[in-house]
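J.: Have a look at this prediction, sequence included:
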Amino acid sequence: MGMSAFRSRGFTLIELMITVAIAAVLLTIGVPAFTKLMIKNQLSGEIQTLQGTIAFARSEAIKRGTYVSICKSNDQSTCSGNWSDGWIVFENRDDDAPAVRDDIGGANEEPLLRVFQALPSGYTLNANSSFTNFVTYDRLGMANNNGTFVFCKDSDETTARAMIVIPTRPRIATDTDNDGIPNKGDGSNITSCESP
């Protein structure tokens, strides 16, 4: 009696160890890059939401022939809190500065046009001193000031996305010097997520 021909199927221990080692290397390289990509995509979405908000406020000011303001709001009704808490767009008939939504619930209530909720945990939105509390557009579609908004994740400038607002229209800041950090209107880098 001879040995029957036996065909083995499966992996050897060495093949399995090599496969696990390659998978570990790929995960070590891939997961951080994927996480950074997800953060950039989230920030890009948030900056586009703000750009749409600004375009909406400008359009409504022209259409309604009055002042329209965007202000930070932690209660989605009044100007309060910080930009990361959310913001509102309202008809600011009396053009008060700082912008205040007047006579809420009364006969002369300034209409609330849009409400935006708080940013996800860990994400921040801050503005420079020009837009500390609000941005107002007049009936000609001109902003009350020039300024910059900055979105960041975990206060990391390398994740920053910036919106530069000039009197007529906003634009998303780009990285003109290719160092990975967006540049402000004057060409300098965003140096802080707290006070752009």
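T.: Thanks, I have the structure now. Because the structure is a prediction, the values reported are computed rather than measured. Numbers count the residues shown, from 1 in each chain.
J.: Which pLDDT does the model give residue 5?
T.: If you check residue 5, the pLDDT there is 63.
J.: Over to residue 117?
T.: At residue 117, the predicted lDDT confidence score is 95.
J.: Relative to residue 193, how far out is it?
T.: Distance from residue 117 to residue 193, counting by C-beta to C-beta, to the nearest Å: 20 Å. For glycine as for every other residue, the C-beta is placed from the backbone atoms N, C-alpha and C.
J.: out of those two, which sits in the busier spot?
T.: More neighbours sit around residue 193 than around the other of residue 117 and residue 193, counting by other C-beta atoms under 10 Å; the figures are 20 against 10.
J.: and the more buried one, helix, strand or coil?
T.: Three-state call for residue 193 (DSSP: H, G, I helix; E, B strand; the rest coil): coil.
J.: any idea how far residue 185 is from the closest residue to residue 156 other than its chain neighbours?
T.: Sequence neighbours aside, residue 193 is the residue nearest to residue 156 in space, at 7.1 Å (criterion: C-beta to C-beta, 6 or more residues apart in numbering). When C-beta to C-beta is applied, the distance between residue 193 and residue 185 equals 17 Å.
J.: just residue 92 next, same as before
T.: Residue 92 sits 25 Å away from residue 185, going by C-beta to C-beta.
J.: repeat for residue 103
T.: Remark: distance between residue 103 and residue 185 (C-beta to C-beta) = 36 Å.
J.: Looking at the two, which one has more neighbours?
T.: Regarding residue 103 and residue 185, a neighbour count based on other C-beta under 10 Å identifies residue 185 as having more, with 15 against 12.
J.: So that one sits against residue 148, correct?
T.: Yes - with the criterion set as C-beta atoms under 8 Å, residue 185 and residue 148 qualify as a contacting pair; they are 6.7 Å apart.
J.: shared neighbours of these two, anything?
T.: Taking C-beta atoms under 8 Å, 6 or more residues apart in numbering as the contact rule, residue 185 and residue 148 both touch 164, 173.
J.: May I ask which helix or strand of the protein has the lowest mean pLDDT?
T.: Lowest by mean pLDDT, DSSP states H and E among the helices and strands of the chain is strand 156-165, with a mean of 80.
J.: what separates that one from the chain centre, distance-wise?
T.: Chain-centre distance of strand 156-165: 8 Å, with C-alpha atoms, centre = their mean, to the nearest Å.
J.: what about residue 24, neighbour count?
T.: Neighbouring residues of residue 24 were enumerated by other C-beta under 10 Å; the total is 10.
J.: What of residue 67?
T.: One way to gauge burial is a neighbour count; for residue 67, by other C-beta under 10 Å, it gives 23.
J.: Sweet, I'm off.
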